[in-house]
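A.B. asks: What would the 3D arrangement of this be:
(one chain, ligands or ions: 2)
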Amino acid sequence: MPCFRSHRRHEETTVTTRPQTPLGLFGTDTLIGEEDRAIRDTVRRFVDARIRPEIADWYEAASIPVRELAKELGSLGVLGMHLEGYGCAGTSATAYGLACMELEAGDSGLRSLVSVQGSLAMFAIWKHGSEEQKQEWLPRMAAGEAIGCFGLTEPDFGSDPGGMRTRAVRDGDDWVLNGSKMWITNGSVADVAVVWAQTDERIRGFVVPAGTPGFSAPEIKKKMSLRASVTSELVLDDVRLPADAVLPEVSGLSGPLSCLSEARYGIVFGSLGAARDCLESAIAYSQDRAIFDKPLAAYQITQTKLADMTLELGKGMLLALQLGRLKDEGTLRPEQVSLGKLNNVRESIAIAREARTIFGAAGITLEHPIMRHANNLESVLTYEGTSEVHQLIIGRALTGEAAFR
Ligand code: TGC
Ligand code: FAD
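C.D. replies: Numbers count the residues shown, from 1 in each chain. Ligands and ions are numbered 1, 2, ... in the order given. The predicted structure is shown next:
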């Protein structure tokens with residue numbers, strides 16, 4: 001009879017009755033390297049100290065000090081943090097995802113500010129720009145001294161950006177741009193806009209300094225979601241740019257779509273930050289709130305809700321970390337990002353809505369973060385590809401049939 005020596009470590013066999021956090025229950029920290037955890041904890045401390053005390057007021061006033069915050073976020077090192085060189089921190093993709101999660105636990109608007117700056121505007125220049133464009137913009141953008149926006153969507157072309165009407169035509173050596181963009185994050189506060197336009201050949205990207213004559217960016221008001229974020233229209237009225245304003249390294253829709261993959265990846269993690277904040281707030285509230293003579297947390301119906309929310313949060317985190325691992329290996333594919341964006345935003349909004357029920361009436365105010373997160377997640381569900389677009393991307397990957405048209 002052979003003698004097999006067990007290589008299994010002894011598992012904990014006792015059930016702890018000490019309350020644990022939802023992600024603590026999953027033990028997901030064991031899947032994260034020490035350096036990435038340290039970055040995450042630094043961002044968490046920033047959000048706790050700088051964002052949490054102010055965010056309800058910013059949200060109510062629909063006004064956020066973007067310039068001030070951009071500099072602080074630059075000092076924190078999160079702007080373009082996963083890019084190499086030009087003043088960027090060059091962290092792992094997983095660390096970037098974890099930072100997005102902490103920022104969005106503060107507010108989706110804060111994560112949007114960082115996503116648009118780093119994953120869209122900076123990434124477009126970093127990946128597709130000339131050396132001169134990189135030198136001119138990236139160090140200042142990484143420091144938060146210059147703010148960028150990314151103009152792809154148009155009033156009539158959101159899910160189908162390939163149909164865009166904004167046009168760039170040659171006039172001698174110059175380019176002349178006409179058209180408009182809609183729903184552009186950071187638009188009115190941006191120093192530079194990356195604008196995508198049709199040309200006689202294919203779609204091209206242009207680096208447009210905000211002061212260029214003919215360029216304006218009126219802010220969109222009366223939003224009920226992402227109120228702590230600047231959203232704008234971009235108007236391009238005979239905007240004349242020199243020849244070297246075009247991003248030289250890319251043409252076609254793959255240019256902007258490559259940037260979207262970066263930002264969508266951040267949202268895979270980010271949305272879970274909002275969900276985690278809702279769930280942890282709901283657990284704390286249920287422990288404090290006495291109803292029919294005992295804490296709300298002590299009822300089976302409440303615990304069923306908390307358990308189900310915890311499961312979806314943890315499953316989403318495992319998915320995010322897997323995608324982070326693939327991105328760090330350099331093998332992450334766009335359709336895999338769609339798996340994460342679709343699932344994690346959809347589940348996060350479900351968690352926010354379920355968490356809201358635990359608060360009763362108190363859940364509808366800005367005293368608690370729930371309704372703010374839930375309203376924000378409505379935008380997150382729509383931007384960076386709606387849920388339906390991601391279902392169609394996954395459907396195409398599964399069947400080989402494109403059903404967009
Ligand atoms: P399709 O034929 O699929 O592709 C056109 C070309 O692009 C290539 N490609 C990609 N390249 C790089 N990365 C990706 N993720 C790519 N996906 C596709 C593709 O290979 C092809 O290349 P080539 O060389 O053959 O030309 O294009 P389609 O017109 O059929 O559209 C497909 C669809 C619907 C998936 C795409 O249009 C889409 O993703 N629509 C959604 C638009 C969207 O997400 N907009 C977001 C705007 S930015 C924003 O919302 C910022 S929110 C602020 C914040 O993040 O906080
Ligand atoms: P539409 O494309 O009109 O979609 C309407 C509905 O039709 C959706 O339910 C959609 O899923 C569905 N649909 C679309 N196609 C299909 C199909 N083939 N089959 C079935 N159903 C379909 N854009 C930028 O370029 N830069 C930014 O910085 C930016 N920031 C944003 C910030 C906020 C707060 C918001 C809300 C949006 C932002 N956007 C930005 C725009 C965003 O990307 C678009 O809103 C999004 O792509 C959807 O486009 P749309 O709103 O025109 O909706």
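A.B. asks: for the one residue sitting closest to the centre of the chain, helix, strand, or coil?
C.D. replies: Closest to where the C-alpha atoms of the chain average out (CA atoms, centre = their mean) is Ile267, at 3.6 Å. The assignment at Ile267 comes out as helix when based on DSSP: H, G, I helix; E, B strand; the rest coil.
A.B. asks: Over to Ile184?
C.D. replies: strand.
A.B. asks: now do Ser225
C.D. replies: Ser225 ends up coil, using three-state DSSP.
A.B. asks: can you pull the contacts of it?
C.D. replies: By CB atoms under 8 Å, 6 or more residues apart in numbering, the contact set of Ser225 is Asn375, Asn376, Glu378, Ser379. The C-beta positions use only the backbone N, C-alpha and C, and glycine is treated the same way.
A.B. asks: what do you get if the cut-off is 10 Å, keeping everything else the same?
C.D. replies: Applying CB atoms under 10 Å, 6 or more residues apart in numbering to Ser225 gives the contacts 108-109, 231, 372, 374-382.
A.B. asks: Format these as JSON lines; extra columns: distance to Asn186, pLDDT and secondary structure.
C.D. replies: Converted to JSON lines, the contacts of Ser225 look like this (distance: CB to CB, whole Å; pLDDT from 0 to 100; DSSP: H, G, I helix; E, B strand; the rest coil):
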{"residue": "Ser108", "distance to Asn186": "14", "pLDDT": "98", "secondary structure": "helix"}
{"residue": "Gly109", "distance to Asn186": "10", "pLDDT": "98", "secondary structure": "helix"}
{"residue": "Thr231", "distance to Asn186": "8", "pLDDT": "98", "secondary structure": "strand"}
{"residue": "Arg372", "distance to Asn186": "20", "pLDDT": "98", "secondary structure": "helix"}
{"residue": "Ala374", "distance to Asn186": "23", "pLDDT": "98", "secondary structure": "helix"}
{"residue": "Asn375", "distance to Asn186": "19", "pLDDT": "98", "secondary structure": "helix"}
{"residue": "Asn376", "distance to Asn186": "16", "pLDDT": "98", "secondary structure": "helix"}
{"residue": "Leu377", "distance to Asn186": "19", "pLDDT": "98", "secondary structure": "helix"}
{"residue": "Glu378", "distance to Asn186": "19", "pLDDT": "98", "secondary structure": "helix"}
{"residue": "Ser379", "distance to Asn186": "14", "pLDDT": "98", "secondary structure": "helix"}
{"residue": "Val380", "distance to Asn186": "16", "pLDDT": "98", "secondary structure": "helix"}
{"residue": "Leu381", "distance to Asn186": "20", "pLDDT": "98", "secondary structure": "helix"}
{"residue": "Thr382", "distance to Asn186": "17", "pLDDT": "98", "secondary structure": "helix"}
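A.B. asks: can you tell me which of these are up against ligand 2?
C.D. replies: Filtering the contacts of Ser225 for proximity to ligand 2 by CB under 6 Å from any ligand atom leaves Thr231, Ser379, Thr382.
A.B. asks: number of nearby residues for Tyr86?
C.D. replies: When neighbours are counted by other CB atoms under 10 Å, Tyr86 registers 18.
A.B. asks: Can you tell me the closest non-neighbouring residue to it?
C.D. replies: Nearest-residue entry for Tyr86: Leu138, 3.6 Å, with adjacent residues in sequence omitted and distances by CB to CB, 6 or more residues apart in numbering.
A.B. asks: what secondary structure does that neighbour sit in?
C.D. replies: What three-state DSSP gives for Leu138 is helix.
A.B. asks: In this structure it contacts Ile125, no?
C.D. replies: Yes - the criterion here is CB atoms under 10 Å, and Leu138 meets it with Ile125 at 6.2 Å.
A.B. asks: would Val235 count as being in a strand?
C.D. replies: Yes - checked against three-state DSSP, Val235 lies within a strand.
A.B. asks: Roughly how far does the closest residue to it other than its chain neighbours sit from ligand 1?
C.D. replies: Distance criterion CB to CB, 6+ apart; nearest residue to Val235, sequence neighbours excluded, is Ser216 at 4.8 Å. Remark: distance between Ser216 and ligand 1 (CB to the nearest ligand atom, to the nearest Å) = 20 Å.
A.B. asks: isn't Ser216 right next to Ala210, touching?
C.D. replies: Yes - assessed by CB under 10 Å, Ser216 is found in contact with Ala210 at 9.0 Å.
A.B. asks: intersection of neighbour lists for these two?
C.D. replies: Gly187, Ser188, Leu234.
A.B. asks: and the nearest residue to the first one once chain neighbours are set aside, which of the three is it?
C.D. replies: Just to be clear, that refers to Gly187. Nearest non-adjacent residue to Gly187, counting by CB to CB, 6+ apart: Ser232, 2.7 Å away. Put simply, Ser232 is strand when judged by three-state DSSP.
A.B. asks: Quick one: residues contacting the closest residue to ligand 1 within the stretch 1-150 of the chain.
C.D. replies: Nearest to ligand 1, among the residues of the stretch 1-150 of the chain, is Ser112, at 3.4 Å (CB to the nearest ligand atom). Ser112 makes contact with 100, 103-104, 120, 185-186, 226, 228-231, 263, 266-267, 270, 376, 379-380, 383-384, according to CB under 10 Å, 6+ apart.
A.B. asks: Thanks a lot, see you next time.
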